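*Asks:* I would like the atomic coordinates for the input below:
(chains A and B)
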Amino acid sequence: MNILKTGLRACAVFCVLSAGCSQRQGKPETIQAQQGAAANLDAARKIVAQTAQTYHAMDNPTLLKRLAEQSAKKKEPFNSLAFRELQGRKDVSSESLASMIKEKGDADALLPLLLLRRLDANAYRDVSVDLKVAILTDALRTSRTFNTWGLPNFYVEEASNALIECGRSAYPALKQMLSDTRPAPVFGSKMHMEYLRHRYRLCDYALFLIERIQGKSDFRMPPAVAERDSLIKEILK
Amino acid sequence: MTPKQCRLVPGRAVILGAGVALAALVSGCQPAVECGTWAFSGSPGDSDNYVISDGFTFNPANCGKSCDCSADCIIQMTWVYDAESGTYILDHSHESHGSVKATSDNWEIDQWDTWGYAYYGLQNNGVFDPGYNNAGSNGVATTLYDNPGGYSKNTYFYAVDVAVCYTSRTCQNKILGSYFWSFAVDGSGNVSGFLNAPGWTSIESEFQDAVTVWNTKWVPFSTTITIDDGTATLPSAVPLPTLTDL
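*Replies:* Numbering: from 1, shown residues only, chains lettered A, B, ... in the order given. Predicted structure coming up:
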């Protein structure tokens, strides 16, 4: 009898919860989909944590090697695992970074250059403007996606600021890019949406940077391609 | 009752049976409250992107409640995973303040830095941009539009859309429902839909973390930048109210 009563009580709880479940759309296929999604997220989250730990355990020479590899692969500084790890360290050798910068001298040196700019202002100042311009403009010219540079009217990233700081020395290379109409996509959610709205091109990035170098800090990129093209024509006259 | 508590009466077959069923039910029964219906549509676009619309139609009877919500809308949070490198992906940097919005798991409310409100389509002038997300109401869908893309191979994009009541005399700031969607870019660069499901309780906890980060980190930080979306300038981002289930 007691067993029966207890069983009925359990059944009552079961039934109440069942009703609650159906109210909460707890259909088996829904629950299965939710469990699948939750498990997938959990697995990815664990890998992310493990990867960060692995990089955290690396010594500086190993990380600098990875930095060079990731720079050559055109990883954004904020998505380069080596850059993420190194930017928080106090004992990174500025000499090693400076030597990587000099040795490459082109787009492949972008991440070392930006890391040096962030970690050691004096050592960064010692890098010649010509070398900085060569690296930064080559990186811009050969970018596959442009998140490293930001999105005109929304974000100006570190690489763009570094180029703007170079001033008029960057003009010749940037002016050459004013004729290059290849697409300049950015990845992202709203960022990609904005890119699709305006269809930014390499020449638009060059235009934006030239305007900023000229001191027009409030320059807004015109949404219409024709307007941007007429501004470009003005500069090329 | 937890599954462990269910096993406290192992000697009684009938109770054990009920307990096991109950345990399975309780452990699986984690859907979040849904006070309406979701209509999600997602398909690959023509430029490495995934074109989605995600509509929520509020119907309080769905969750056994009653409420007139004169304006409901959606808050979206996102997380992007790079399976090749085993890490998360940001679309912009710390310098432009992206990480200030991110939870410890790197989820963040999907909003421009120059837009003060966390609500996906609400502009600084207080008007919803229907190109992003219109305001809905009882029986009228609020639909979010997104076009994420441009990602490299082996990337997974995850989003959670949370419908909230924005204006109401009785159920303002209530969570009305949530929906998880995702897409993947495979090793050949092909984009396709991945996992979709109505929200569940732990993902809504993650959302509450993103709200906390918005309020405690992003809002104070935002005073250092210009919050100007072209419609109005705000002194800072706007804190979200406490959002609770209807």
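*Asks:* helix, strand or coil for residue B:241?
*Replies:* Using DSSP: H, G, I helix; E, B strand; the rest coil, the structure places residue B:241 in coil.
*Asks:* That one touches residue B:173, doesn't it?
*Replies:* Yes - using CB atoms under 8 Å, residue B:241 is in contact with residue B:173, at 4.5 Å. The C-beta positions use only the backbone N, C-alpha and C, and glycine is treated the same way.
*Asks:* for chain B, what spans make up the helices?
*Replies:* B:3-6, B:13-28, B:201-213, B:219-222 (DSSP state H).
*Asks:* Apologies, that question was intended for chain A.
*Replies:* A:2-23, A:28-57, A:60-72, A:81-86, A:94-104, A:110-119, A:121-126, A:129-141, A:158-165, A:171-177, A:190-198, A:202-213, A:225-236.
*Asks:* and these as CSV, adding distance to chain B, mean neighbour count and mean pLDDT?
*Replies:* Compiled in CSV, the helices of chain A are given as follows (distance: least, CB to the nearest CB, whole Å; neighbours: other CB atoms under 10 Å in any protein chain shown; pLDDT from 0 to 100):
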stretch, distance to chain B, mean neighbour count, mean pLDDT
helix A:2-23, 4, 14, 37
helix A:28-57, 4, 15, 95
helix A:60-72, 9, 18, 98
helix A:81-86, 6, 22, 96
helix A:94-104, 19, 17, 98
helix A:110-119, 9, 25, 98
helix A:121-126, 15, 13, 98
helix A:129-141, 15, 20, 98
helix A:158-165, 5, 21, 97
helix A:171-177, 20, 17, 97
helix A:190-198, 4, 20, 90
helix A:202-213, 15, 23, 97
helix A:225-236, 16, 14, 96
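*Asks:* With neighbour numbers in mind, choose between residue B:241 and residue B:173.
*Replies:* residue B:173 (15 against 12; other CB atoms under 10 Å in any protein chain shown).
*Asks:* what's around residue B:40, how many residues?
*Replies:* So residue B:40, with other CB under 10 Å, has 19 neighbours.
*Asks:* Leaving out the residues flanking it, which one is nearest to it?
*Replies:* residue B:54 (4.9 Å; CB to CB, 6 or more residues apart in numbering or on different chains).
*Asks:* repeat for residue B:146
*Replies:* Nearest residue to residue B:146 in three dimensions, chain neighbours excluded: residue B:52, at 5.1 Å (CB to CB, 6+ apart).
*Asks:* So what's the predicted local confidence for the one you found?
*Replies:* pLDDT for residue B:52: 97.
*Asks:* Next up, the contacts around residue B:227.
*Replies:* B:113, B:114, B:115, B:116, B:124, B:233, B:234, B:235, B:236, B:237 (CB atoms under 8 Å, 6 or more residues apart in numbering or on different chains).
*Asks:* Chain A versus that one, what's the distance?
*Replies:* Residue B:227 is 12 Å from chain A, where distance means CB to the nearest CB, to the nearest Å.
*Asks:* Quick one, grab the pLDDT at that residue.
*Replies:* For residue B:227, the model assigns a pLDDT of 94.
*Asks:* what's the answer for residue B:20, then?
*Replies:* pLDDT, residue B:20: 32.
*Asks:* now stretch A:141-149, how far from the chain's geometric center?
*Replies:* Offset of stretch A:141-149 from its chain centre (CA atoms, centre = their mean, to the nearest Å): 10 Å.
*Asks:* ugh, typo on my part, it should be stretch B:119-134
*Replies:* Centre to centre, stretch against its chain (CA atoms, centre = their mean), the figure for stretch B:119-134 is 16 Å.
*Asks:* which residue packs closest to residue B:211, ignoring adjacent ones?
*Replies:* Residue B:211 sits nearest to residue B:240 (CB to CB, 6+ apart), 5.1 Å away.
*Asks:* was I right about residue B:103 contacting residue B:210?
*Replies:* Yes - applying CB under 8 Å as the test, residue B:103 and residue B:210 come out as touching, 5.4 Å apart.
*Asks:* Compare those two and say which is more crowded by neighbours.
*Replies:* residue B:210 (28 against 20).
*Asks:* Is there a neighbour count for the residue nearest to residue A:236 when sequence neighbours are not counted? I'd like the number.
*Replies:* Spatial nearest neighbour of residue A:236, chain neighbours left out: residue A:178 (5.9 Å); criterion: CB to CB, 6+ apart. Counted with other CB under 10 Å, the neighbours of residue A:178 add up to 20.
*Asks:* got the contact list for residue A:178?
*Replies:* Taking CB under 8 Å, 6+ apart, one finds A:203, A:206, A:207, A:210, A:232, A:235, A:236 in contact with residue A:178.
*Asks:* can you rerun that using 7 Å?
*Replies:* Counting by CB atoms under 7 Å, 6 or more residues apart in numbering or on different chains, residue A:178 touches A:203, A:206, A:207, A:232, A:235, A:236.
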